[in-house]
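Visitor: Sequence first, then the predicted structure:
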Amino acid sequence: MIQLFAFYMFATIVILAAVMVILARNPVHSVLWLILAFFNAAGLMVLVGAEFVAVLLVIVYVGAVAVLFLFVVMMLDIDVASMRAGFVRNAPLGFAVALVLLAEMVLGFGAYRAGGLALGTPAAPSQALPGLSNIQNVGALLYTRYVFLFEMAGLILLVAMIGAIVLTHRDRRGSAARQDIARQIGRKPVDATVMTRPKVGEGVEL
Amino acid sequence: MTEFFVSLGMAYGAAWFLATVLGILLIALPLMLAVAMVIYVDRKVWAAVALRRGPNVVGPFGLLQSFADGLKVFLQETIVPSAANRGLFLIAPIITFTVALLGWAVVPFGPEAVLADINVGLLYILAVSSLGVYGVVIAGWASNSKYPFFSALRAAAQMISYEVSIGFIIVCVILWAGTFNMNGIIAAQQGHGLGVINAFVVNPLLFPLFVMFLISALAETARAPFDLTEAESELVAGYQTEYSSMSFALFWLGEYANVLLMCALLAILFFGGWLPPVDWAPLYLVPGWIWLFAKIFFFFFVFSLIKATVPRFRYDQLMRLGWKVFLPLSLFFIVINSGWLMATGHFGAGS
């Protein structure tokens, strides 16, 4: 009873929030609605007993990805009037995209009504190991059965990370903004100061 | 507590509901009291380091200062700037405050005294603490003012950076404890140091991680020396600039509740939580929550001393420390820790 109530609550909020992501005028509001959707999707995960996935969803998507979205969107200075100015010019393109989407939807639902596509099923579907918690189950599967796919995903992420660093890296050598911490700490008073006793009227040679 | 209500003749569902509500009140109300007192302690320590007296007028030794301040802000008018985004402006402090309380749901105060004894307790805390940034970011944006906005940008980048190293440090502790459950982590520390000391911190492979976690906790809660989000010499009061009255007080309460949560996390992950410091039978007669509170207050004292003595970091130095020092070091320690545990057969023969 309470599970059903929780499910319909989470599901309704996910859908409403997803609709609001599109409808909200202000992009910052859109991102905040998106966060609400993520959050309630995590609630749905808890309901099906996948608490590890739920917490990961919150940590990764709500805690990191959405913060970066918000970070970027907040800095946009969006002028609603200038966006509306291009409406007539862009309308044909918009209609074309909408038409394609509509056609795909009709086609998809039509094909679905004609009967599902026969997909192959794995010879022995992986069973949850009894007596182990959610995390241990995920770990046991990930590091034995799917270890190759898992490692490959890791490798792809590593390549993406290196690519991002290479694209944004600037060589700062010779620039005043560069800071060499070891050199700063290694600096002694002797290197920077000098004791002199200049005669009156002579000044100091530096 | 549920069993107690069931024994009184209630249905299980109703008993569970009542027990949970009571549990929440039993955590939240003392926490608010603790936050009030801890603000007083913070100011007293800060004053003592600066050779001042600190609050000493309201009540004996100034003990009631925080309550006087609370009453003061309660009676003030809530001002919403006319150019602010009204809804978000008012929601932001509520988010900060609520999220600061959420984490306490999984903190164990004793072997049985925990509101939600879930499998993924530590991950839950990590998830909740990563939500804390939203209060700050939304406040900074909704204020529609320059300084709060700068503060919000700083907060977003800073908290993401230090969450990364906190995550890796937690992984090392998990490797030793073998569970994400908070009580399990505490139980794993019993007699960890030569069979006598109940703490992970005496382990030479975990001690450097404790130091890194302490510093990352300071950065994650935006405490001095990492309080760049409210650096008064640069940003007035950061994201709190436009706030007044209770909405300001909610930020304040949430911030200190977060600091206490980080202190509790330090106590639980590295100092044995509710276990007494030494594995000696008579010490177990003292209730567990007293040990936990003693450890939390010790760490809060350390936080206060750091606030009083260490000058503020510059923003690029903060980023450098997070990404170029802590991230590689914590990754290195994951390799060292897991390698050591594999070599010594900690995980068993493997199933």
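Guide: Okay, I see it.
Visitor: tell me the contacts of B:L218?
Guide: When contacts are counted by C-beta atoms under 8 Å, 6 or more residues apart in numbering or on different chains, B:L218 is found next to B:224-226, B:303, B:306. For the C-beta atoms, the positions are set from N, CA and C on the backbone; glycine is no exception.
Visitor: Name the member of these with the most neighbours.
Guide: The most neighbours of any of the contacts of B:L218, using other C-beta atoms under 10 Å in any protein chain shown, belong to B:F226, which has 26 neighbours.
Visitor: Poorly predicted segments of the chain, please.
Guide: Answering for chain A, as no chain was given. Along chain A, the parts satisfying pLDDT under 70 run over A:77-86, A:116-117, A:120-131, A:176-177, A:206.
Visitor: meant chain B, my bad for not saying
Guide: In the predicted model, chain B carries pLDDT under 70 at residues B:1-2, B:347-351.
Visitor: Near chain A, which residues of it? Just list them.
Guide: Residues of chain B found near chain A, taking C-beta under 8 Å from any C-beta of the partner chain as the criterion, are B:88, B:118-120, B:123-124, B:126-127, B:130-131, B:133-134, B:137-138, B:141, B:149, B:152-153, B:156-157, B:159-160, B:163, B:180, B:316, B:320.
Visitor: and which of the contacts of B:L218 is nearest to chain A?
Guide: B:P225 (15.8 Å; C-beta to the nearest C-beta).
Visitor: Return the residues in contact with the residue of the stretch 101-250 of chain B found nearest chain A.
Guide: Minimum separation of the stretch 101-250 of chain B from chain A (C-beta to the nearest C-beta) falls at B:S130, amounting to 2.9 Å. Under the criterion of C-beta under 8 Å, 6+ apart, the neighbours of B:S130 are A:58-59, A:62-64, A:67, B:159, B:163.
Visitor: let's go with 10 Å and repeat that
Guide: Applying C-beta atoms under 10 Å, 6 or more residues apart in numbering or on different chains to B:S130 gives the contacts A:58-60, A:62-64, A:67, B:99, B:159-160, B:163, B:166-167, B:220.
Visitor: for chain A, which helix is longest?
Guide: Using DSSP state H to assign secondary structure, the helix with the most residues in chain A is helix A:87-113.
Visitor: Flag every buried residue along the helix or strand that it is followed by.
Guide: Toward the C-terminus, helix A:87-113 is succeeded by helix A:134-142 as the next helix or strand (DSSP states H and E). Within helix A:134-142, the residues that qualify as buried are A:134-138, A:141, counting by 16 or more other C-beta atoms under 10 Å in any protein chain shown.
Visitor: nearest residue to B:R53 other than its sequence neighbours?
Guide: Nearest in space to B:R53, with sequence neighbours left out and distances taken as C-beta to C-beta, 6 or more residues apart in numbering or on different chains, is B:A47 at 6.0 Å.
Visitor: So the one you found sits against B:K307, correct?
Guide: No: if you go by C-beta atoms under 10 Å, B:A47 and B:K307 don't touch, sitting 11.8 Å apart.
Visitor: Grab the nearest non-local neighbour of the residue in chain A that chain B sits nearest to.
Guide: When distances are taken as C-beta to the nearest C-beta, chain A approaches chain B most closely through A:G63, which lies 2.9 Å from it. By the measure of C-beta to C-beta, 6+ apart, the closest residue to A:G63 outside its immediate chain neighbours is B:S130, 2.9 Å from it.
Visitor: how near is that neighbour to B:S66?
Guide: When distance is defined by C-beta to C-beta, to the nearest Å, B:S130 is 28 Å away from B:S66.
Visitor: do B:V211 as well
Guide: 31 Å.
Visitor: Check B:M246 too.
Guide: 15 Å.
Visitor: The two - which one has more neighbours?
Guide: Each of B:M246 and B:S66 has its neighbours counted (other C-beta under 10 Å); B:S66 has more, 24 against 16.
Visitor: which of the residues in the helix or strand harbouring that one are buried?
Guide: Under the assignment given by DSSP H and E, the secondary-structure element containing B:S66 is helix B:65-75. In terms of neighbour count (16+ other C-beta under 10 Å), helix B:65-75 has its buried residues at B:65-66, B:69-70, B:73.
Visitor: Of these, just say which sits nearest to B:V21.
Guide: Of all the buried residues of helix B:65-75, the one with the least separation from B:V21 (C-beta to C-beta) is B:G70, at 24.2 Å.
Visitor: Return the residues in contact with that closest one.
Guide: If a contact means C-beta under 10 Å, 6+ apart, then B:G70 has B:32, B:36, B:39, B:64, B:246, B:249, B:252-253 as its contacts.
Visitor: same thing with B:V278?
Guide: Each residue near B:V278 by C-beta under 10 Å, 6+ apart is listed here: B:191, B:193, B:196-199, B:272.
Visitor: hmm, 7 Å instead?
Guide: When contacts are counted by C-beta atoms under 7 Å, 6 or more residues apart in numbering or on different chains, B:V278 touches B:196-198.
Visitor: Please apply the same query to A:L70.
Guide: A:L70 sits next to A:28, A:31, B:137, B:156 when contact means C-beta under 7 Å, 6+ apart.
Visitor: quick one: is the helix or strand where the second one lies near chain B?
Guide: Secondary structure here is read from DSSP H and E; on that basis A:V31 sits in helix A:27-47. Yes: using C-beta under 7 Å from any C-beta of the partner chain, a contact is recorded between helix A:27-47 and chain B, made by A:V28.
Visitor: Pull out the buried positions in the strand or helix carrying A:Y8.
Guide: Using DSSP H and E, A:Y8 maps to helix A:2-23. Going by neighbour count (16+ other C-beta under 10 Å), the buried part of helix A:2-23 is A:10, A:13-14, A:17-18, A:20-21.
Visitor: mind putting the residues you listed in a markdown table, distance to A:G110 included?
Guide: Formatted as a markdown table, the buried residues of helix A:2-23 follow (distance: C-beta to C-beta, whole Å):
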| residue | distance to A:G110 |
| --- | --- |
| A:F10 | 30 |
| A:I13 | 31 |
| A:V14 | 26 |
| A:A17 | 29 |
| A:A18 | 24 |
| A:M20 | 30 |
| A:V21 | 28 |
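Visitor: Could you tell me how many residues sit around A:K199?
Guide: Residue neighbour count, defined by other C-beta under 10 Å, stands at 6 for A:K199.
Visitor: next one: B:M182
Guide: The number of residues packed around B:M182, counting by other C-beta under 10 Å, is 25.
Visitor: isn't it right next to B:L122, touching?
Guide: Yes: with contact defined as C-beta atoms under 7 Å, B:M182 and B:L122 form a contacting pair (6.5 Å).
Visitor: What residues sit buried inside stretch B:234-247?
Guide: Applying a neighbour-count criterion of 16+ other C-beta under 10 Å, one finds B:235-243, B:246-247 buried in stretch B:234-247.
Visitor: Out of those residues, which is nearest to B:P282?
Guide: Comparing the buried residues of stretch B:234-247 against B:P282 with C-beta to C-beta places B:M246 closest, at 46.7 Å.
Visitor: who's in contact with that closest one?
Guide: Contact criterion C-beta under 7 Å, 6+ apart gives B:73-74, B:78 as the residues in contact with B:M246.
Visitor: in the stretch 1-150 of chain B, which spans are helices?
Guide: In the stretch 1-150 of chain B, the segments counted as helices under DSSP state H, counting those that start in this stretch are B:2-7, B:12-49, B:65-75, B:86-102, B:121-142, B:146-177.
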